[in-house]
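> Sequence plus the predicted model coming up.
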Number of protein chains: 2
Amino acid sequence: MDALFLYFKNFNPLSKDAERAIAEISSIITIRKNKDLQPIGHTCKTIYFIKKGVARIYYFKDGIDITERFFFENNIIARVESLFTGKPSRKAIQILEDAEIIAINSTQLFKLYDTYPEIERLFRKIFETAYVETVNRIEGIQFHSAEERYNALLNEAPNVLMRVPLKYVASFLGITQVSLSRIRGHR
Amino acid sequence: MDALFLYFKNFNPLSKDAERAIAEISSIITIRKNKDLQPIGHTCKTIYFIKKGVARIYYFKDGIDITERFFFENNIIARVESLFTGKPSRKAIQILEDAEIIAINSTQLFKLYDTYPEIERLFRKIFETAYVETVNRIEGIQFHSAEERYNALLNEAPNVLMRVPLKYVASFLGITQVSLSRIRGHR
DNA sequence: GTAATTATTTATCCTATGTTAAAAGAATAG
DNA sequence: CTATTCTTTTAACATAGGATAAATAATTAC
C-alpha cells in the first residue's frame, strides 16, 4: 500500500485517517500476463494502481483490436468514460506483464468524498492531471505523421517499445502493424 | 448570471451562499467577433462561460492555425493545460460570433474550494465530464477517415458547420481546407 | 528439443489526403 | 456601389499509409 500513498503525495498528501479509510476499501491483486483485469461490457467500479507490471486499455473497432493507452508501474488506471458516467465500458484492461495491482472500490471511494474532502481533492487533482495529458495527446495524434509519432514514443516512452508487443503499439500510434514495421525499417 | 447557475445545476446544485460567492468573483464581458478573448502565451487564470456567441481554442503548429475545439452557448471554456498546471498556454481563445461571456477568476475560485466543498465538487464534476468527452474524442480522431469525421460532425454538431468558417473546421477535423472542400464536394 | 502457434517483417499494389496554384464566390471597407 | 480582401472550391500531381499475401523470426506448448 505504501507505493500508493507515496504516489498520492505528489497530488495531495493525506492524513493517516484518510489513508486508513482508503486502505479499507482496497485490495491487492496479482494477475498474470495476457489476462484481462476487467472485461469489455462491465461498468467500471474500480480504480487500479499498478505496483508492478504493465497493462493496457483496449477495445474493438470494427473487429480490430485497438490499444487506447499503456500503463506502467506507479500509475492509476481507470476507464473514466465508464467510471464517471456509470455506463458500461466498451473497453477492457489487459495485463501485459505479470502484475501486482491495488484495486480501489470506486463506489466506496466516492462515498468517502463526503467524509474526507481531502480524498475528494486528491482524486480531483489526479484526474485533472490525467485530463491535461489527454488534451495534450490529441495534439500529438492529430498533427504528426506516423513516423513522427513513432519517434516521439521512442524518445518519451522507450519502455513502451521495450516492454510491449509491437502489434499493440501500432494501434496506439493509430497505424497498422505493417506500417509500423515499415517505419521501423526506415533507418 | 442565471444561465450560469442553471448550467451548474446539471452537475451539482449550489446553495445560495455558494452562488453568491461565485457571483462575487465573476464579471460579464461583451466581446466582438474575431477578437481574442485570451492571447497565446498567457497563463490561464479565468474560466469562461458563454452566454451568447461562439468561440474556439486555437494554436499555431509550424505556423499553421489549428482549431482545438469549438464552444457554443451554455458551456464552459478553459485552457485546462494551463489552468491546471499554472504554465503559460500556447493556445488562444478567439470569439467567432459577437459574444456575451461570464468570466470567473480561477485563482479566487480555487480559494473558494476550501470554504465551499460544494463548489469544489461542482467543478470536479464539470471537468470530469469534460475529461470523458476528450477521451471519447480521441477514438473519433484516430480511427475514422476524414470523410467519416466530417459526416459525424454534420450529424452530431451541425451548428459547427452552420456558424463557423470552414477554414477553422478543417483543422479541427485534422485535415487541410482543400481536403475538406473536396469531401464536401462528394455528394 | 521439436512442433505449433504467434509476432514481425517484407513486398506489391492502391487510395485518401497533402501540396501547390489558380479560379470563383462572399464579405467588408470606404 | 465598387474595390479590396478573405473564404471556398477546383484541378493536377505527389506521397504516406492502408490492404493483402507471403516469408521470417520468435514464443509457447508439449
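That came in fine, so what should we check first? Residues are numbered from 1 along each chain as shown, chains lettered A, B, ... in the order given.

> For chain A, which segments count as strands?
Per DSSP state E, chain A carries strands over the ranges A:26-31, A:36-38, A:46-61, A:64-71, A:75-77, A:92-105.

> how about the fifth one: buried residues?
Put plainly, it is strand A:75-77. A:76-77 (16 or more other CB atoms under 10 Å in any protein chain shown). Using the backbone N, CA and C atoms, a C-beta is placed for each residue, glycine as well.

> Show me what it is packed up against.
strand A:46-61 (3 or more CB pairs under 8 Å, 6 or more residues apart in numbering or on different chains; DSSP states H and E).

> buried ones in the strand it packs on?
A:46-51, A:53-59.

> That one pairs with which strands, and in what direction?
strand A:64-71 (antiparallel), strand A:75-77 (antiparallel), strand A:92-105 (antiparallel) (DSSP bridges).

> and A:Glu156, which of these is closest to it?
When the strands paired with strand A:46-61 are compared by CB to CB, strand A:64-71 sits nearest A:Glu156, at 12.0 Å.

> Let's see the closest one as PDB, backbone CA atoms only.
This file holds the C-alpha atoms of strand A:64-71, laid out as PDB (Å, rounded to 0.1, in the frame of the first residue of the first chain):
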ATOM      1  CA  ILE A  64      -9.900  -4.800 -34.800                       C
ATOM      2  CA  ASP A  65      -8.100  -4.700 -31.500                       C
ATOM      3  CA  ILE A  66      -7.200  -1.100 -30.700                       C
ATOM      4  CA  THR A  67      -4.900   0.000 -27.800                       C
ATOM      5  CA  GLU A  68      -6.100   3.200 -26.200                       C
ATOM      6  CA  ARG A  69      -3.200   3.500 -23.800                       C
ATOM      7  CA  PHE A  70      -0.400   1.700 -21.900                       C
ATOM      8  CA  PHE A  71       0.200   1.900 -18.200                       C
END
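
> before we move on, back to that, of the strands of chain A, which approaches DNA strand D most closely?
Evaluated over these, closeness to DNA strand D peaks at strand A:64-71, with 8.1 Å, by CB to the nearest atom of the strand.

> quick check: longest helix of chain A.
Looking across chain A with DSSP state H, the single longest helix is helix A:117-142.

> Just checking the distance from that one to the centre of its chain.
On the basis of CA atoms, centre = their mean, to the nearest Å, helix A:117-142 sits 12 Å off its chain's mean C-alpha point.

> which helices and strands does it pack with?
Judged by 3+ CB pairs under 8 Å, 6+ apart, helix A:117-142 is in contact with helix A:16-24, helix A:106-115, helix A:146-156, strand B:64-71, helix B:80-83, helix B:117-142.
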